[in-house]
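*Asks:* pasting the sequence and the predicted coordinates here, then a few questions.
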Amino acid sequence: MKEFLKRKNIEISVKRYLIDALGAMAQGLFCSLLIGTIINTIGTQFGIGFLTVPVATVAGVDYTVGGLATAMSGPAMAVAIGYALQAPPLVLFSLITVGFASNALGGAGGPLAVLFVAIISAEIGKAVSKETKIDILITPLVTIGVGIALSAWWAPALGKAASSVGTLIMWATTKQPFIMGILVSVIVGIALTLPISSAAICAALSLTGLAGGAAVAGCCAQMVGFAVMSFKENKWGGLISQGIGTSMLQMPNIIKNPRIWISPILCSAITGPIATCIFKMEMNGAAVSSGMGTCGLVGQIGVYTGWVNDIAAGTKTAITAMDWIGLILICFILPAVLCPLFNLVAVKLGWVKDGDMRLE
């Protein structure tokens, strides 16, 4: 069996399934749901006609350019997962159908259903791939058959469970904005720097509202915090690669000296409740944006998109100066000020020394 799994490149491991697959799923979401949302926002805000008018009608539903991209989020996630699992072509292409089915049947928690169903379907598809002379029939039939069956069996329950957990977190944040602001901000921020996908986690839990705002705060504390407090070692290249790229670049250094992580974590514990209690910053855009921080400024675009959506829905009258002040303070200024200050204390205590955050 070990030889068979090795020959089929089936690696049952935490890294393959919860790091590689989860990270790839987030990229699939970026290239569909997130991009579609951004396209719709640009079209609406700047009055660009060809981005706001329907370009296709499917089953009586009108789709704009952004709407088409958003509608493909399930297939995009599944194919991305298959790519991360190094699935052969016939398996990879068959996952398009699997992703559509699991995301549709999973409802609000569709991304979590896609993750589970796509992984199992891909691995079973890989197992039968090129084992028969009619591979072009058998591999798609098995991959799609398993995917559809699991989608019908598991996706509704998985989606409901993920949605319920997300709803519970959002409900708790509205009831206890201070405590939950700290917890959500710290946990999602840590997840962003770890080699897992905070964006995929937020998407799977449909994390929006005040909890989504706290998540954005935590992610920004990590990214901007590490970027600014390591500027001495990494200069402008490090500032950009961490500030609008990812703080995950610091993981090798965190493993060497975990104490360099103290400052961004403390910062997130401060900016989270400031976001929830003082500025009441909400993420009402795409849930995947909650776990993005300043990566490509997607977190900030998501918050802005949420403002636009709220105005369109009549739950918000206008975007105020306080909204912009809160967003800029929480996402940029406070992390850029607090993290270096905390780091100075850590240096004074001898916990951190010059070169501990240098990127290779």
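*Replies:* Received it, and whenever you're ready, just let me know what you need.
*Asks:* what stretches of the stretch 1-150 of the chain score poorly on pLDDT?
*Replies:* Low-confidence regions of the stretch 1-150 of the chain, defined here as pLDDT under 70, do not occur.
*Asks:* what about residue 61, how many neighbours?
*Replies:* Other residues within reach of residue 61 by the criterion other Cβ atoms under 10 Å amount to 10. From N, CA and C alone the C-beta is placed, and that goes for glycine too.
*Asks:* tell me the mean pLDDT for the helix or strand hosting residue 304?
*Replies:* Assigned by DSSP states H and E, residue 304 falls within helix 298-313. Confidence over helix 298-313, taken as the mean pLDDT, stands at 90.
*Asks:* can I get it in PDB? Just the C-alpha atoms.
*Replies:* These are the backbone C-alpha positions of helix 298-313, laid out as PDB (Å, rounded to 0.1, in the frame of the first residue of the first chain):
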ATOM      1  CA  VAL A 298      -7.500  43.400   0.000                       C
ATOM      2  CA  GLY A 299      -8.600  43.800   3.600                       C
ATOM      3  CA  GLN A 300      -9.200  47.500   3.200                       C
ATOM      4  CA  ILE A 301     -10.900  47.100  -0.200                       C
ATOM      5  CA  GLY A 302     -13.200  44.600   1.500                       C
ATOM      6  CA  VAL A 303     -14.100  47.000   4.300                       C
ATOM      7  CA  TYR A 304     -14.800  49.700   1.700                       C
ATOM      8  CA  THR A 305     -16.900  47.300  -0.300                       C
ATOM      9  CA  GLY A 306     -18.800  46.500   2.800                       C
ATOM     10  CA  TRP A 307     -19.600  50.200   3.300                       C
ATOM     11  CA  VAL A 308     -20.800  50.400  -0.300                       C
ATOM     12  CA  ASN A 309     -23.000  47.300   0.200                       C
ATOM     13  CA  ASP A 310     -24.400  48.700   3.400                       C
ATOM     14  CA  ILE A 311     -25.300  52.000   1.800                       C
ATOM     15  CA  ALA A 312     -27.000  50.100  -1.100                       C
ATOM     16  CA  ALA A 313     -28.900  48.000   1.400                       C
END
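*Asks:* ok, then the element right after it?
*Replies:* helix 321-328.
*Asks:* now the angle from that following helix to helix 298-313?
*Replies:* Helix 321-328 runs at 160 degrees relative to helix 298-313, counting by axes from the mean of the first three to the mean of the last three Cα atoms, to 10 degrees.
*Asks:* what ranges do the helices span in the stretch 1-150 of the chain?
*Replies:* 2-7, 14, 21-29, 35-45, 49-52, 65-71, 73-84, 89-106, 110-128, 135-175 (DSSP state H, counting those that start in this stretch).
*Asks:* need those in a markdown table (columns: distance to residue 223 and mean neighbour count).
*Replies:* Listed next are the helices of the stretch 1-150 of the chain as a markdown table, based on distance: least, Cβ to Cβ, whole Å; neighbours: other Cβ atoms under 10 Å:
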| stretch | distance to residue 223 | mean neighbour count |
| --- | --- | --- |
| helix 2-7 | 38 | 9 |
| helix 14 | 24 | 9 |
| helix 21-29 | 15 | 24 |
| helix 35-45 | 19 | 19 |
| helix 49-52 | 29 | 12 |
| helix 65-71 | 25 | 20 |
| helix 73-84 | 22 | 27 |
| helix 89-106 | 28 | 24 |
| helix 110-128 | 22 | 26 |
| helix 135-175 | 22 | 18 |
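*Asks:* what's the closest of those to residue 252?
*Replies:* Comparing those against residue 252 with Cβ to Cβ, the closest turns out to be helix 21-29 (16.8 Å).
*Asks:* show me what the closest one is packed against.
*Replies:* Other helices and strands packing on helix 21-29, by 3 or more Cβ pairs under 8 Å, 6 or more residues apart in numbering; DSSP states H and E, are helix 73-84, helix 110-128, helix 198-204.
*Asks:* how far is the last one from where the chain is centred?
*Replies:* Once both centres are worked out by Cα atoms, centre = their mean, to the nearest Å, helix 198-204 turns out to sit 4 Å from its chain's centre.
*Asks:* again with the first one
*Replies:* Using Cα atoms, centre = their mean, the distance from the centre of helix 73-84 to the centre of the chain it belongs to is 14 Å.
*Asks:* tally of neighbours for the nearest residue to residue 174 once chain neighbours are set aside?
*Replies:* Excluding its sequence neighbours, the residue lying closest to residue 174 (Cβ to Cβ, 6 or more residues apart in numbering) is residue 210, at 5.8 Å. Residue 210: 25 surrounding residues under other Cβ under 10 Å.
*Asks:* report the contact partners of residue 210.
*Replies:* 170, 173-174, 177, 180-181, 275-276, 280-282 (Cβ atoms under 8 Å, 6 or more residues apart in numbering).
*Asks:* 6 Å instead?
*Replies:* Counting by Cβ atoms under 6 Å, 6 or more residues apart in numbering, residue 210 makes contact with 173-174, 276, 282.
*Asks:* try residue 28
*Replies:* For residue 28, counting by Cβ under 6 Å, 6+ apart, the contacting residues are 76-77, 80.
*Asks:* can you rerun that using 10 Å?
*Replies:* Contacts for residue 28 (Cβ atoms under 10 Å, 6 or more residues apart in numbering) come out as 34, 72-84, 99, 111, 114, 118, 200, 203, 288.
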